[in-house]
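>>> coordinates only, no sequence provided:
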């Protein structure tokens, strides 16, 4: 994913999920890949799953907010950005 191979990375995260479907980070990473590949509705579902598994991770809310913004669901985006700020820990 770090080198821009989003399709391959998405496949790898899917494989990881098949082995351990309780890791929120796998869903979030796959959602990021989908967002980069313009698979916005699928990305939304991935962030929903990540949040359901780890509801206190602010970055998951922030990323879901980005998806909502791309879908022009601005009220949902604002709500997610607010939740993201609430949960992100500061240094």
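It's in. The structure presented is a predicted model; accordingly, all values stated were derived computationally and were not measured. Numbers count the residues shown, from 1 in each chain.

>>> quick one, helices of this structure?
6-19, 24-36, 40-53, 58-70, 74-87 (DSSP state H).

>>> neighbours of residue 69, just the number please.
The number of residues packed near residue 69 is 15, by other Cβ atoms under 10 Å. The way it works is simple: take the backbone N, C-alpha and C, and place the C-beta from them, glycine included.

>>> can you list the weak-confidence ranges in the chain?
Scanning the chain with the threshold set as pLDDT under 70 gives 90-91.

>>> what do you get if the cut-off is 80, keeping everything else the same?
Flagging of the chain using pLDDT under 80 yields the residue ranges 1-2, 4, 89-91.

>>> please report phi then psi for residue 57.
For residue 57, the backbone dihedrals (degrees, to the nearest 10) come out as phi -90, psi 110.

>>> that one contacts residue 47, doesn't it?
No: applying Cβ atoms under 8 Å as the test, residue 57 and residue 47 come out as separate, 10.2 Å apart.

>>> any residues in contact with both of the two?
Both residue 57 and residue 47 are contacted by residue 28, under the criterion Cβ atoms under 8 Å, 6 or more residues apart in numbering.

>>> what about the two, which has more around it?
Looking at residue 57 and residue 47 with other Cβ under 10 Å, you find the greater number of neighbours at residue 47, namely 28 against 18.

>>> quickly note the distance from that one to residue 77.
As defined by Cβ to Cβ, to the nearest Å, residue 47 lies at a distance of 12 Å from residue 77.

>>> next one: residue 16
28 Å.

>>> how about residue 1, nearest residue that isn't a chain neighbour?
With Cβ to Cβ, 6 or more residues apart in numbering as the measure, residue 9 is the residue that lies nearest to residue 1, at 3.7 Å, once sequence neighbours are left out.

>>> quick check: the one you found vs residue 73, distance?
For residue 9 relative to residue 73 (Cβ to Cβ), the value is 26 Å.
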